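Asker: Predicted model follows, preceded by the sequence.
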Amino acid sequence: MIDHYSRQLPDIDPAETKEWIDSLDAVVGAKGASRARYILAKLLERSNELQIGVPPTTSTPYINTIPAEEQPFFPGNEDIERRIRAFIRWNAAAMVIRANKYAEGIGGHLSTYASSAALYEVGFNHFFKGKDDGLAGDHVYYQGHAAPGIYARAFLEGRLSEANLDNFRMEIGGNGLSSYPHPRLMPHFWEYPTVSMGLGPINSIYHARFNKYLHQRRIEDTSQSQIWSFLGDGECDEPETLGAISLAGRSDLGNLNWVINCNLQRLDGPVRGNGKIIQELEGVFRGAGWNVIKVVWGSAWDELLHRDVDGVLLNKMNQTVDGEFQRYATEDGAYIREYFFGPDPRLRKLVDHLTDRDIETLPRGGHDYQKVYAAFKRASEVTDQPTVILAKTVKGWTLGEGFEGRNATHQIKKMTKNQLLELRERLNMGAEITEASLEGGVPPYFRPPEDSEEYQYMLQRRTALDGFIPRRIVRNRRPLKVPSTGPFLELQKGSSGREVSTTMAFTSLLRDLLRDQEFGERVVPIVPDEARTFGMDSLFREFKIYAPRGQLYEPVDHDLLLSYSEATDGQLLEEGITEAGSMASWIAAGTSYANTGVPMVPFYTFYSMFGFQRIGDLAWLAADARTRGFLMGATSGRTTLMGEGLQHQDGHSLLLAATIPACEAYDPAFAYELGAIIEEGLDRMYPDGSIDGEDVFYYIAIYNENYEQPPRPDHVDNLDITSGLYKFDHGPDLGDGALRATILFSGPSYLAAKEAQHILAEHYDVGAELWSVTSYKRLREDAINVQRRNRLNPVGDRLVPLVTRKLEDSEGPIIAVSDWMGAVVGQINRWTPRPMSVLGTDGFGRSDTRQALRSFFEVDAAHIVVTVLNALARDGKIERTVVAEAIEYFGIDPDRPDPAHPDTGATTVGQ
Ligand SMILES: Cc1ncc(C[n+]2csc(CCOP(=O)(O)OP(=O)(O)O)c2C)c(N)n1
Ligand SMILES: [Mg+2]
């Protein structure tokens, strides 16, 4: 690093330079490389103190970052805390073992928490703030597989009963504990879903950043809340885990602390058998601007390191790979003496005074309470940088031989009586657990009585830290004002002859909502580098882009009305090209009503299929986390976004959205529909500004095709629109006995439907009525619900699904057309009162004009007409020859290849 610039700059005093280099040579010659490294490290340390500005080295030796002499005084009672920890460890293990006894194969994890107990307990006893003071407290993301330990602590605290623990992973009866942190199923306990690896970490970053956003925008003082995120070292291989850490660095997120439990193992085996995960992560995080605290060795090693005058121990630590360290965790002291300390006589001498037993139990840093406390304290004091604590532990720690460091440890969930006895011994719980109670494979729980020292201590610590956690509370600390109806009424008027897209309509609605005097500040517009595509660049100047450090430059377009304006109190989250990051921001904003008691209304607008398909797992997590907000699927449709081709044109997001129970999925055709849907969404989430709404979010497809937006017809009200289906236009009345047909459209398929309506009337004497379907998902859910109710109530009135009831008022064959694959429409197939023909856009998108695409996918007016005629012929209303003539008339090749086939349309160019 440094040599790059030293070779390019002039040396103004070569003699002086030479003197320094000679000195270094002399040290290496006389005392060796270790001594030279030590001196260089000292010089770097001094340069730092003098603020010379030498860039930090990315990796340091394999030892603790905080030296023993800098460890702070430990304010707690270590002995009591050790006992509490032992009780929690015991109950966590007992819970998993009992669950698997009651229900063979129900699963659960013993080893993850066993390795991280000290990390969590230091937090619970000394750092994590609760919410009893009325504020938000700290936000803690627990590693999903460590859940047993968190339940076990809540049990000790008296917050969970034995019956609760015995229902671990048995949730159906309503009295159970979810396998992992799931706010959806334990809404008063868990706050942040974490078990899908990588998502907890990325969410915690954007959560910390969102807290800062709330603060800098002066919406809420979040300065008292820290975000603590616990993760596994194996989890760091997920791109979502490390993919956003530079954002944390450059946003100066001093409120963010990560604790990485480096037990060197994941599920199958070592995380980095041939390397060192802690060293690798240190470099990555430091490079991204994080404060890195390594907690590698327990206190007993301090003395050895102090006596390591030749640097041989340090060398050995540096050179030993994780695969070997894992092995040492499973071997006895004699083996470690032989192979770790053994080969070098100087090293062997360092541990001459230790017994094999001493050597075997030299602890790793992550199990050393003092070391962990020192790291947490420093982390909580750093205010201008995120901190990562890299804590080295043993997977399965204290669980005994069969568990500790074993490759299979992650998945073992049973213990024999002997193993339980060994655990009891390790935890010093002979007085609490009798041997007899371990017969039968159902180990008892142990809860210290309320007047015990341990219970009182726990209570006192949690009281001092403002109450028990985890705890999810929904409090309306800063009530939301309902927006004025003006902007929605505006959309009802239509575009008066102007051709505009639903995206343009949305952008103008968003602008109006942002401008709303009282409601506006709570709107959080989020875009991943596509604002210009959506016409949202007009918002840059007026509402500013949030930038924690402000705008340190004059933008290139400063003289333009719509210049790129960043500000510390900017409102837009322009996330750059990260759909995962944008989604994490959206989740942070959409759960703010619960996390901080400040309801915020996020609108995340994304580009074509890079929504659900890119970040599907985060969308699912959003539902679990009870996120409220709006996902705007811009440039939607397989044929509407022309020219962009296979990897853009989106004909399936509505189907993906349909898989998420808490997601309302809408496909509006008109601006007034869009307005009605958003208005209803807001009302369901925050009825009259109250926080007691539904935990749902909306996915709304919006398009870039311009056409005249009609005013809302007089016979239509908002409820018709949001119910999922309404009659838009009765169509021409062609007199008694004339043929009728019913065309369902959604989104811009309206245009083809309307044209088909015209052709059918003009050329075939068919009066076609047009129905707008705004949500197939909603219709399907209603129908399924009705069907189920009828199934379980065989006696009594039959209920009729909404879609059936409504369409019973229509006439003639039913034909549905949309810009999405047929399965989207197919959601209501079973419940139409008459057979329905579906025209969809199955197959890969491709680049061409809208017209060509719609003809290719067979969703244009010609195909609608042919389909209507076909259905009329099927019903015996017209001759089949009429259909054949129409096919010929429209120039449709009946033998054309199927557009749904994956290779249709591939050219021979380049062969
Ligand atoms: C996205 C995702 N992929 C896979 C899994 C399955 N899984 C659960 S735990 C685990 C290993 C975890 O290892 P690590 O992160 O090191 O945590 P440890 O238990 O060692 O603390 C895996 C692969 C998951 N939960 N999420
Ligand atoms: Mg691990």
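Answerer: Good, I have the coordinates. Ligands and ions are numbered 1, 2, ... in the order given.

Asker: give the contact list for whichever residue of the stretch 101-250 of the chain sits closest to ligand 1.
Answerer: Using CB to the nearest ligand atom, the closest approach of the stretch 101-250 of the chain to ligand 1 is made by G232 at 2.0 Å. Quick note: C-beta positions are derived from backbone N, CA and C, even for glycine. By CB atoms under 8 Å, 6 or more residues apart in numbering, the contact set of G232 is T112, Q143, H145, M197, I260, N261, N263, R266.

Asker: Name the member of those with the most neighbours.
Answerer: Counting neighbours by other CB atoms under 10 Å, N263 leads those with 32 neighbours.

Asker: pretty sure that residue contacts D233?
Answerer: Yes: taking contacts as CB atoms under 8 Å, N263 lies within contact range of D233: 6.6 Å.

Asker: which parts of the stretch 251-400 of the chain sit against ligand 2?
Answerer: Residues of the stretch 251-400 of the chain lying close to ligand 2 by CB under 5 Å from the ion are N263, Q265.

Asker: rerun that using 6 Å as the cut-off
Answerer: Neighbours of ligand 2 within the stretch 251-400 of the chain, by CB under 6 Å from the ion: N263, Q265, R266, V271.

Asker: burial of the closest residue in space to the third one that isn't next to it in sequence, as a residue count?
Answerer: If I follow you right, that is R266. Spatially, and ignoring its direct neighbours in sequence, R266 is nearest to G234 (2.8 Å; CB to CB, 6 or more residues apart in numbering). Counted with other CB under 10 Å, residues neighbouring G234 total 24.

Asker: Name all residues that make contact with G234.
Answerer: Residues M197, Q265, R266, L267, V271 are the ones in contact with G234 under the rule CB under 8 Å, 6+ apart.

Asker: nearest residue to G826 other than its sequence neighbours?
Answerer: Leaving aside its sequence neighbours, G826 sits nearest to V838 (CB to CB, 6+ apart; 6.2 Å).

Asker: residues in the stretch 201-350 of the chain within reach of ligand 1, list them.
Answerer: In this structure, the stretch 201-350 of the chain approaches ligand 1 at residues G232, D233, G234, E235, N261, N263, Q265, R266, L267, V271, judged by CB under 6 Å from any ligand atom.

Asker: could these go into CSV alongside secondary structure and pLDDT?
Answerer: Output for those, formatted as CSV (DSSP: H, G, I helix; E, B strand; the rest coil; pLDDT from 0 to 100):
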residue, secondary structure, pLDDT
G232, strand, 98
D233, coil, 98
G234, helix, 98
E235, helix, 98
N261, strand, 98
N263, coil, 98
Q265, strand, 97
R266, coil, 97
L267, coil, 96
V271, coil, 98
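
Asker: what's the closest of these to S690?
Answerer: For these, the minimum distance to S690 (CB to CB) is 37.9 Å, reached by E235.

Asker: measure the closest one to Q143 for me?
Answerer: Distance of E235 to Q143, computed by CB to CB, to the nearest Å: 8 Å.

Asker: looking at it, the residue nearest to G826 is touching I828, isn't it?
Answerer: No: using CB under 8 Å, V838 is not in contact with I828, being 9.7 Å away.

Asker: Between these two, which has more neighbouring residues?
Answerer: The neighbour comparison of V838 against I828 (other CB under 10 Å) goes to I828, with 28 against 20.

Asker: what's the pLDDT at the more buried one?
Answerer: Looking at I828, its pLDDT reads 98.

Asker: What count of nearby residues applies to F210?
Answerer: F210 is flanked by 28 other residues according to other CB under 10 Å.

Asker: Please give the element, helix or strand, for the closest residue to it other than its chain neighbours.
Answerer: In this structure, F210 finds its nearest non-sequential neighbour in A588, 3.7 Å apart by CB to CB, 6+ apart. Here A588 is covered by helix 579-590, with elements defined by DSSP states H and E.

Asker: residues of that helix that come out buried?
Answerer: Buried residues in helix 579-590, counted by 16 or more other CB atoms under 10 Å: E579, A580, G581, S582, M583, A584, S585, W586, I587, A588, A589, G590.

Asker: first vs last residue of stretch 789-807, how far apart are they?
Answerer: End-to-end distance for stretch 789-807, by CA to CA, to the nearest Å: 21 Å.

Asker: For that stretch, list every residue counted as buried.
Answerer: Along stretch 789-807, these residues count as buried under the neighbour rule (16+ other CB under 10 Å): P801, L802, V803, T804, K806, L807.

Asker: ok, so of those residues, who is nearest E191?
Answerer: L802 (35.7 Å).

Asker: quick one: that closest one and I784 touch, right?
Answerer: No: with contact defined as CB under 8 Å, L802 does not reach I784; the gap is 11.4 Å.

Asker: quick one: the helix holding A588 near ligand 1?
Answerer: No: judged by CB under 6 Å from any ligand atom, helix 579-590 and ligand 1 are separated, with a smallest distance of 12.7 Å.

Asker: pLDDT averaged over that helix - what is it?
Answerer: On average, the pLDDT along helix 579-590 is 98.

Asker: And stretch 730-745, by the same measure?
Answerer: For stretch 730-745, the mean per-residue pLDDT is 95.

Asker: got a pLDDT number for L427?
Answerer: Looking at L427, its pLDDT is 97.

Asker: repeat for M1
Answerer: Reading off the model, M1 has pLDDT 48.

Asker: Quickly find the element holding A665.
Answerer: In this structure, A665 sits in strand 663-666 according to DSSP H and E.

Asker: other SSEs contacting whichever helix or strand comes after that strand?
Answerer: Next in sequence after strand 663-666, counting helices and strands by DSSP H and E, comes helix 671-685. Applying 3 or more CB pairs under 8 Å, 6 or more residues apart in numbering; DSSP states H and E, we find helix 671-685 packed against helix 486-492, helix 502-515, strand 629-634, strand 663-666, strand 697-701, helix 718-722.

Asker: could I get these as JSON lines with distance to L572?
Answerer: Formatted as JSON lines, the helices and strands packed on helix 671-685 follow (distance: least, CB to CB, whole Å):
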{"stretch": "helix 486-492", "distance to L572": "18"}
{"stretch": "helix 502-515", "distance to L572": "9"}
{"stretch": "strand 629-634", "distance to L572": "14"}
{"stretch": "strand 663-666", "distance to L572": "24"}
{"stretch": "strand 697-701", "distance to L572": "19"}
{"stretch": "helix 718-722", "distance to L572": "28"}
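
Asker: Adding mean neighbour count as columns, could you present these in JSON lines?
Answerer: Shown next, in JSON lines, are the helices and strands packed on helix 671-685 (neighbours: other CB atoms under 10 Å):
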{"stretch": "helix 486-492", "mean neighbour count": "18"}
{"stretch": "helix 502-515", "mean neighbour count": "22"}
{"stretch": "strand 629-634", "mean neighbour count": "26"}
{"stretch": "strand 663-666", "mean neighbour count": "26"}
{"stretch": "strand 697-701", "mean neighbour count": "26"}
{"stretch": "helix 718-722", "mean neighbour count": "19"}
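
Asker: got these as JSON lines, with distance to ligand 1 and mean pLDDT columns?
Answerer: Formatted as JSON lines, those follow (distance: least, CB to the nearest ligand atom, whole Å; pLDDT from 0 to 100):
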{"stretch": "helix 486-492", "distance to ligand 1": "40", "mean pLDDT": "97"}
{"stretch": "helix 502-515", "distance to ligand 1": "33", "mean pLDDT": "98"}
{"stretch": "strand 629-634", "distance to ligand 1": "21", "mean pLDDT": "98"}
{"stretch": "strand 663-666", "distance to ligand 1": "20", "mean pLDDT": "98"}
{"stretch": "strand 697-701", "distance to ligand 1": "22", "mean pLDDT": "98"}
{"stretch": "helix 718-722", "distance to ligand 1": "35", "mean pLDDT": "98"}
